[in-house]
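K.L.:
Sequence and predicted model, in that order:
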Amino acid sequence: MSSNLQVVKPQANNPTNNIRALLEKSKGQIAMALPKHLNADRIVRVAMTSVQRTPELLKCDPISLVAAVIQSSQLGLEPDGILGHAYLIPFNNTKKGRMEVQFMPGYKGLIDLARRSGQVVSIGAHVVFENEPFKLIYGYDEKLDHEPLPPSKRGARKGVYAAARLKDGSVHFEWLWAEEVEDIKNQSKARNFGPWKTHEDEMWRKTAIRRLAKYLPLSVEFAKAAAADELADAGVSTAELFDDDLAIEVPAAPAKQTIDEAFDAIQAPPAEEPATKQPVQQSDLFAIQDLIDGHQLKPGQVIACALKALKTNKPRDLWTAEEAAKVLEEIKKNKGEK
């Protein structure tokens with residue numbers, strides 16, 4: 001057991017204290033993941049606030065909860081579920097037959113990460129309501145005008161837009177109609193709980209930011225958060241997005257285990273032995289891209305595998321054949337293929 005972990009014995013038969021004890025034991029790993037402006041003690045307190053506000057988290061596998069907290073920490077986002085930086089979402093992992101915790105970045109978390117990139121001067125998103133004066137013009141002279149009204153006069157949601165101004169002075173915006181957002185919501189595994197229920201306006205705004213981000217020069221951290229958000233909506237584990245040395249392996253054992261048993265399952269994955277491979281030719285690029293498409297992954301899953309394999313947020317159309325081959329290998333590994 002690592003020396004930088006504080007051992008705290010939980011009280012028997014108290015799920016809240018058990019989770020608190022496991023988080024206390026994991027503070028060393030949390031501290032390793034955090035940027036300088038945050039500390040592990042605060043993250044543990046914030047995570048416990050989320051647990052108290054969402055009792056369903058206590059029914060989830062405890063290791064998955066700690067993993068979600070560490071994932072949030074790696075991006076420098078507090079999983080408070082209140083301020084909108086990040087959320088801890090309970091979901092049913094049907095493949096493993098148990099409830100697990102999923103990390104989901106919030107609207108304010110994505111905004112914060114976008115600003116940290118250094119490329120964005122300002123960025124934001126707003127919901128437009130039916131009675132509000134609104135004008136959107138696409139073309140060479142794109143224009144967007146929106147006059148908000150007080151809640152008592154604005155009517156139903158009409159749509160949502162996101163806009164960003166970059167350091168070079170250019171302005172970019174993205175618009176989604178209400179029916180488009182509703183389609184995205186209905187496809188989400190988290191549509192009936194969590195922020196889609198408690199902070200729906202912010203989820204609309206985050207959806208627009210995520211769509212806009214595809215056209216902005218943002219950081220690897222932002223790309224990870226956006227991919228994690230898409231995977232969380234799809235009910236897919238976000239663990240593959242994050243660093244191996246800080247990841248927590250979720251054991252196959254049932255969720256009902258002692259805290260010591262749960263903590264003993266936290267271990268770094270074994271180092272992989274380098275394999276001798278034939279060099280990839282650039283002429284193979286299109287064939288490799290076709291093989292990637294053949295796996296029929298969602299965009300967020302491809303982004304996740306690319307970030308894992310390449311350690312950079314490089315657009316797919318700029319991959320070399322060797323880079324595409326690394327992504328394909330990561331996809332196969334995640335699907336248990338050889």
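P.N.:
Right, received. Where do you want to start? Numbers count the residues shown, from 1 in each chain.
K.L.:
When you work out contacts or count neighbours from here on, use the C-alpha atoms and nothing else.
P.N.:
Noted.
K.L.:
Can you name the residues bridging to D145?
P.N.:
K135 (DSSP bridges).
K.L.:
Quick check: it touching E132?
P.N.:
No: here D145 lies out of contact with E132, judged by CA atoms under 8 Å, at a distance of 10.4 Å.
K.L.:
Neighbour count for the two, which is higher?
P.N.:
Taking D145 and E132 together and counting by other CA atoms under 10 Å, E132 has the greater number of neighbours (18 against 10).
K.L.:
Please, which helix or strand holds the more buried one?
P.N.:
Under the criterion of DSSP states H and E, E132 resides outside all helices and strands.
K.L.:
shouldn't it be in contact with P148?
P.N.:
Yes: shown here, E132 and P148 form a contact pair, counting by CA under 8 Å, at 5.7 Å.
K.L.:
joint contacts of those two?
P.N.:
Common contact partners of E132 and P148 (CA atoms under 8 Å, 6 or more residues apart in numbering): R154.
K.L.:
Residue nearest the middle of this protein, spatially speaking?
P.N.:
Nearest residue to the geometric centre of the chain (CA atoms, centre = their mean): A228, 2.5 Å.
K.L.:
Distance check, that one against K214.
P.N.:
For A228, the distance to K214 (CA to CA, to the nearest Å) stands at 14 Å.
K.L.:
Over to S64?
P.N.:
Per CA to CA, S64 is found 29 Å from K214.
K.L.:
more neighbours, the two?
P.N.:
Neighbours per residue (other CA under 10 Å) separate S64 from K214, with S64 holding more: 24 against 12.
K.L.:
Let me know how buried I137 is, in neighbour terms.
P.N.:
Using other CA under 10 Å, I137 has 10 other residues around it.
K.L.:
swap that for F129, please
P.N.:
F129 has 22 neighbours, counted by other CA under 10 Å.
K.L.:
helices or strands next to the strand or helix carrying the residue nearest to the centre of the chain in the packing?
P.N.:
Assigned by DSSP H and E, A228 falls within helix 220-234. Applying 3 or more CA pairs under 8 Å, 6 or more residues apart in numbering; DSSP states H and E, we find helix 220-234 packed against strand 98-105, helix 107-116, helix 299-310.
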